[in-house]
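1. give the three-dimensional model of this entry:
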Amino acid sequence: MCGRFVLKATPEEIADYLDLIGLEDFPPRFNIAPTQPILIIVEGERQELGSNLPNRQAMLVRWGFMPGWVKDPKTFPLLINARSETAIGKASFRAAMRHRRILIPASGFYEWKRPAKEDGGKPQAYYIRPKRGGIVAFAGLMETWSSADGSEVDTGAILTTAANTSMSRVHDRMPVVIAPEDFSRWLDCKTQEPREVSSLMRAADEDFFEMIPVSDKVNKVANVGPDLIAPVEGAAPLAPVKEKSGQLSLF
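-> You can find the predicted model right below:
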């Protein structure tokens, strides 16, 4: 699951990473939460017939996916994540998987490691970011929901997959990360059917992310400062990762 994330990169950095032509200015965000607006990237029409140049566009959607067939949003659960293993066939996401795949830029995300029942205590929050720094692009889906009065709301969800071994020390799910060389393929909903991009919906490499223990300030949506991603001392160390050979690895 991914329930909070961070986007602290500048508009220029995001535009460069995702090959966008310009991007309006916006402040860094350190505690992006469900129902809030999130920045997404979609593939637009080619600027010239036959052109291979990307024409990606940025827009804001509400984080919380709403299928078009929903009558009353008050009776429908908030879908902030979509399981990549079942999204192709699941009624809520089937159409979006075929027609409205998106990229969601992020600097990192938060996850909580729950203590064993016998140990007691409270969950430890971790800020999970690329070891190399910079930006990642989560795989996502969008849908425009129309109300009875004709108003429309653009909505989105982050696709998740089973955690790799390193991440599983904190949680059993993680966001799907799309590599830059696969951006065009993922966003191409005209020629790339869902089954043809299913291989992209996999866990990141074992050494892609690093997990930094942070304070429980992130638990409150009202807290939005950069101190949320500052490391804290005193957190129990994560167990070493066991490689397939049975040997231990600390990366």
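2. switch to C-alpha atoms for all contacts and neighbour counts from now on
-> Noted.
3. quick one, helices of the stretch 1-150 of the chain?
-> 11-18, 94-99 (DSSP state H, counting those that start in this stretch).
4. how about residues contacting the first one?
-> Spelled out, it's helix 11-18. 20, 21, 22, 23, 24, 25, 26, 56, 105, 135, 180 (C-alpha atoms under 8 Å, 6 or more residues apart in numbering).
5. among those, which ones are in strands?
-> Among the contacts of helix 11-18, the members found in strands (DSSP state E) are 56, 105.
6. tell me where the stretch 151-251 of the chain has strands.
-> 152-162, 173-175, 209-214, 241-242, 248-249 (DSSP state E, counting those that start in this stretch).
7. centre of the chain to the fourth one, how far?
-> Using C-alpha atoms, centre = their mean, to the nearest Å, the distance from the centre of strand 241-242 to the centre of the chain it belongs to is 25 Å.
8. from the contact counts, what lies against that strand?
-> strand 248-249 (3 or more C-alpha pairs under 8 Å, 6 or more residues apart in numbering; DSSP states H and E).
9. where's residue 69 relative to residue 205, distance?
-> Distance, residue 69 to residue 205, by C-alpha to C-alpha, to the nearest Å: 37 Å.
10. among the strands of the stretch 151-251 of the chain, which is nearest residue 84?
-> Residue 84 sits nearest to strand 152-162 of all those, at 5.6 Å, using C-alpha to C-alpha.
11. which strands or helices does the closest one pack on?
-> Taking 3+ C-alpha pairs under 8 Å, 6+ apart as the contact cut, strand 152-162 packs with strand 56-63, strand 81-83, strand 136-146, strand 173-175.
12. quick revisit: for residue 123, find the nearest of the strands of the stretch 151-251 of the chain.
-> strand 209-214 (10.8 Å).
13. mind listing what residue 132 touches?
-> residue 208.
14. repeat for the one 10 residues further on
-> Residue 142 sits next to 61, 65, 96, 100, 101, 102, 154, 155, 156, 157 when contact means C-alpha under 8 Å, 6+ apart.
15. my read: the first one touches residue 37, true?
-> Looking back up the chat, that one is residue 61. Yes. With contacts counted by C-alpha atoms under 8 Å, residue 61 reaches residue 37, the gap being 5.3 Å.
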